[in-house]
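>>> prediction below, plus the sequence it came from.
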Protein chains: 2
Amino acid sequence: MKLANFKSLLWGLPVIVILSMLMYGCPSQQQLGANADAAQKVYVAPGEYDEFYGFMSGGYSGQLSVYGIPSGRHLYTIPVFSQEATNAYGYSEESKPMLNTTHGFVPWGDSHHPELSQTDGVPDGRWIFINENNTPRVARINLSTFTTDEIIEIPNSAGNHASSFVTPNTEYVSAATRFSIPMDDENLNNEDVPISEYSEHFKGTLSFIKVGDDGKMGIDFQILVPGFDYDLSHAGKGPSDGWSFFTSYNSEQAHTLLEVNASKNDKDFIAAVNWRKAAEYAAAGEGRMVEGEHYRNYVDHDTHTAKSELIEEVRVLDPRELEGLIYFLPTPKSPHGVDVDPSGQYIVAGGKLSTVIPVHSFEKMIQAIENEEFEGEIDGIPVLNYDAILHGEVENPGLGPLHTEFDDRGNAYTTAFISSEIVKWDLETTQVLDRIQTYYSPGHLMIPGGDSQKPWGKYLVALNKITKDRYLPTGPELFHSAQLIDISGEKMKLLLDFPTEGEPHYAQAIPADLVRPNQTQFYKLEENNHPDAVKGEDETRVERDGNEVHIYMSTIRTHFAPDNIEGVKVGDKVYFHITNLEQDWDIPHGFAVKGMNNSELLIMPGETRTIVWEPKKVGVIPFYCTDFCSALHQEMQGYIRVSPEGSDVEIAYGTGQ
Amino acid sequence: MKLANFKSLLWGLPVIVILSMLMYGCPSQQQLGANADAAQKVYVAPGEYDEFYGFMSGGYSGQLSVYGIPSGRHLYTIPVFSQEATNAYGYSEESKPMLNTTHGFVPWGDSHHPELSQTDGVPDGRWIFINENNTPRVARINLSTFTTDEIIEIPNSAGNHASSFVTPNTEYVSAATRFSIPMDDENLNNEDVPISEYSEHFKGTLSFIKVGDDGKMGIDFQILVPGFDYDLSHAGKGPSDGWSFFTSYNSEQAHTLLEVNASKNDKDFIAAVNWRKAAEYAAAGEGRMVEGEHYRNYVDHDTHTAKSELIEEVRVLDPRELEGLIYFLPTPKSPHGVDVDPSGQYIVAGGKLSTVIPVHSFEKMIQAIENEEFEGEIDGIPVLNYDAILHGEVENPGLGPLHTEFDDRGNAYTTAFISSEIVKWDLETTQVLDRIQTYYSPGHLMIPGGDSQKPWGKYLVALNKITKDRYLPTGPELFHSAQLIDISGEKMKLLLDFPTEGEPHYAQAIPADLVRPNQTQFYKLEENNHPDAVKGEDETRVERDGNEVHIYMSTIRTHFAPDNIEGVKVGDKVYFHITNLEQDWDIPHGFAVKGMNNSELLIMPGETRTIVWEPKKVGVIPFYCTDFCSALHQEMQGYIRVSPEGSDVEIAYGTGQ
């Protein structure tokens, strides 16, 4: 080789390297592979914020969990249907009424489907609703405080699963019987009948909860339906606004071994409800009022105290008497999810034993109703002809299709539970476009705004039912597994696995900017109208009333007032009414007494909370602040002296004396 | 310019580019800046595992939270001291005894300091202990199942804060009085005395809980100490093995407004306890037994059922009577943390009002004891001379130094609460080497193994007390904030903010490989010796015993057996004993009955759990599986018929009939 050629080669080497780099990326990035891209996409640097609030139902936790998206970080858990010792929810006097039901105090719930309030079909960030499946209830959560503002019970129902889906302007929240129950003809009361007489006695109801401008909920009407299992729901939108759709299974009306006995029929039904017409009937006094005791529990914002209101009656509309209220759309097979696309034209069902995904056309449905293309009638409900209403069937949708959400580009995404995948398909053509494995067995899926008229179609979260080996194991019990998928391109890309507490049955997400500006950072002390509040240390005191002792206490960095209390006796019922005088964000104080058969209190700035203690032992008992509040937090303590029953020690109290 | 030169320049350009790349990294990485590096370091790709298990105390949640490190993902929450509706902890019959105390059932606790069991001074992954601050208790958690195995109460104590720190071979777990209480001379019983007589009557105890090879805990002895507040603790190691160190504050013995009255003395004390000598005294029957009722609650692994054992006495050692037991090390000022370095030579205190970090020398301490370099004596406890025992003082350590952990390279890291920073300093020279801001106000900090003889000094987690604007806001209540810092290099680098539930007062972490191989995935059905278990559907049955009805039920995908039950009456007490027959990982079944004034059950494979229901209303009530277990999960339901009191409906049950 000539020297000149050798030199050329030498100089050429860098060019080859650079060309390689241009073709394949930097070596360091090559090593890192696709992970580097995913890592970058989900990383939220210190000081920066997640793009979306993700609200995940807790399932058997009974709560609502808040996750940041795309980071997958667990930001908070909102107590809703279950006692939460962390912040005394369901233990403090102010919160206990929230868990009141006609069955008494129920300390647990099974939260299922969160749904953001909407304006003009778009999530608006005011409230988020969530249903309780076991003891039928619907909660409304205030997104300025991230606290539960209201819980309403649903009478004449069991297993409130097809809930809490809203209509496009949050006129109504849906609810429905999952487990039909025997109902007497007069008042729909649950009856003592043999279970084997299911088909004669058992019925269901679809409930429509009216939501006021201030969020106040009330059951406007219930629609009497056959004794099937009503599973999921979604409201229409755009052209289909005014209608709601409910899936049902067990049209076989089995009452035992449903895995076999409720899986026989080739088609069950979607119930299409003309809620606007029903609302007109209700407003006109149609139907009838029946006994239907249920509680509405709500926070009185003046005092930050939950109150319980008993409502005794409920209006029932009977399709056998009122025309045009409800139609059955035959749908293969044991359908689970029912999802309406952003255009409002298509009604998609996830038939969990179906080999196709049926897509009904709203336009065809209206035509079929007008043309009376009926296959029959069940309990006054016309059954439409399947072929007459069908837009199309998605072929090869994966095994066990359950739920569908939508992006803003005409695509639908369906979870397939058995084949563990998400299938992307075109709404117009019903052709499958892409599929991605999920780990393992996805139930619901969620795209921010993905069940509304305005999906923010950047991310998709698969809510997987089986976790197994996706994270470091935590013994027999595992958190559920979520997977964040990038859907901004043609092909779906898996970005991140993140664990989620409880069992998120459904989730919703909303751009953070729609929620963040309205946050309450603390409660204003001058607006605290709790009857037991103190507005300053000069108002703190201890009062005896028979065997009740009321302690009106304040907290401020870094002491309680009073912090020495005497004159309490065994057998007394001691109420600690504690006002946190702080007026700064993130300066709660906590309060606990040794051996208390209760929770602690966690008191937000400006708020008053009460906890009851019945001391059983003589002695001097310490109390302290349970939230590290300042450099001298450890010094924030006090003593309460408990004397024997009948002792003549008088009430006395003070601070610093 | 000659052509040859121009050509040289042309060829030289790529070289310059490559040199630039080598110097500054790839252009794409430059764009991404330092974030790209941090993103990559904390990203755990789908299918991969976190490097460390992080165990974070829940503080006022009462539980222990498990986080993956470095991802910051919330993997699980272990119920310990508080009721947890999610998995019926504290609601099911099998778990309720775990929350039993001498004050009765206490549904809440304040969990503070998790500490992994150690062998030869190194975390071994068998158990993790955690203390309860309010109603003094220590729990032991089994890391093969991530469940609480045992909780022991501490008598003669209040505010069990200086706990649960272990000795190098897990011989003992420490505990101590945070709030001194009046104690009578004979039995240390809490007395009905005026609070103002604090200095005469109030005393404290330091408790040493002996841990058996099987983990079984028992209080071996308590040491009587003056009525100060005992705050934190750590055992010695290496040369100082056999000693434990406890900080105290309020040597002023104030009983009101401690933020002022307990901050007066320039020095308080570290109590140095020769626990090996104390153990010898105890073994020799020295000291005396006093009344000291306390419960030891433990899981009987044969039946997976918690049981309660009442222990009536406890041994007390009095320093006024027994020599060489305990010494006071004067320490500026209101010291909080006390931390022993990996070599066991240095005892570091975080004096929260101190302008320096004092570092005591264990060797000098022993010499000072031998030379009797005492400044005085308090209640039989010699006070050593400060200068005689001092290794050095760290100057300019930040404002409000609280806690120190260590790496494996001779460095110490101290949190400064008020100046919101972590300060790295050299143990030998006590010179500050580096400092990094944290957001905001760090309390504890944690390096995996960082309080043991073998720190894995790659990461540091700051456990911040104030969150404010670090994440998307969630109203007035915020999760606490953790920050992951890379300490592998000379300079500390902030990698990630992640929120943590409750208030993690302390945390521990351990390489995942030390815990993961020992995981229990499910319980073996053939080893289930629960007296109410069924081993197959042929053993399921319903039995009446007076007004108690016992339902022995099984679950398997996808039905209950029996799923139709009749003959239950209003006024009955119904026990559902449910065995999950599954033998596969992550296939729990849940169980709930409408309107039950109780939690649900979540039953792990192979396990039997019991929940009690007292039906109040007549009717046919559905029950269902609360954990989505299979494609036909929605069909996993049943009915129980409740007849009126006195009805003659007989017990009957079946499945599929």
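Good, I have the coordinates.
>>> next up, the contacts around residue A:146.
Applying C-beta atoms under 8 Å, 6 or more residues apart in numbering or on different chains to residue A:146 gives the contacts A:66, A:76, A:78, B:474-475, B:477. (Glycine included, C-beta is placed from N, CA and C.)
>>> now it. Nearest residue, chain neighbours left out?
Counting by C-beta to C-beta, 6 or more residues apart in numbering or on different chains, residue B:475 is the residue found nearest to residue A:146 once chain neighbours are left out, at 3.7 Å.
>>> swap in residue A:197?
residue A:182 (7.8 Å).
>>> how near is that neighbour to residue A:594?
Separation of residue A:182 from residue A:594 (C-beta to C-beta, to the nearest Å): 50 Å.
>>> of the contacts of residue A:146, closest to residue B:645?
residue A:78 (39.8 Å; C-beta to C-beta).
>>> so how many other residues sit close to the closest one?
27 (other C-beta atoms under 10 Å in any protein chain shown).
>>> any idea how far it lies from chain B?
For residue A:78, the distance to chain B equals 8 Å [C-beta to the nearest C-beta, to the nearest Å].
>>> what's the answer for residue A:189, then?
On the measure of C-beta to the nearest C-beta, residue A:189 and chain B end up 8 Å apart.
>>> is that residue in a helix, a strand, or coil?
Three-state call for residue A:189 (DSSP: H, G, I helix; E, B strand; the rest coil): coil.
>>> so the residue nearest to residue A:146 sits against residue A:516, correct?
No: with contact defined as C-beta atoms under 8 Å, residue B:475 does not reach residue A:516; the gap is 11.0 Å.
>>> where do the strands sit along the stretch 451-600 of chain A?
Taking DSSP state E, counting those that start in this stretch to define them, one finds strands in the stretch 451-600 of chain A at A:459-464, A:480-486, A:493-500, A:507-511, A:541-545, A:548-556, A:559-561, A:564-569, A:573-580, A:589-593.
>>> coming back round to it: count the residues that sit near the residue nearest to residue A:146.
Residue B:475, neighbours per other C-beta under 10 Å, totals 21.
>>> need the pLDDT of it.
Note for residue B:475: predicted pLDDT of 97.
>>> likewise for residue A:353?
89.
>>> quick check: closest non-adjacent residue to it.
residue A:333 (4.4 Å).
>>> hmm, back to that, the strands of the stretch 451-600 of chain A: which one's closest to residue B:648?
The closest of these to residue B:648 is strand A:573-580. By C-beta to C-beta, the value is 43.2 Å.
>>> would you mark the buried spots in that closest one?
Buried positions in strand A:573-580, judged by neighbour count with 16 or more other C-beta atoms under 10 Å in any protein chain shown: A:574-580.
>>> before we move on, back to that, dump the strands of the stretch 451-600 of chain A to CSV, plus distance to residue A:171 and mean pLDDT.
Converted to CSV, the strands of the stretch 451-600 of chain A look like this (distance: least, C-beta to C-beta, whole Å; pLDDT from 0 to 100):
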stretch, distance to residue A:171, mean pLDDT
strand A:459-464, 28, 98
strand A:480-486, 31, 98
strand A:493-500, 31, 98
strand A:507-511, 18, 98
strand A:541-545, 47, 98
strand A:548-556, 43, 98
strand A:559-561, 48, 98
strand A:564-569, 52, 98
strand A:573-580, 38, 98
strand A:589-593, 41, 97
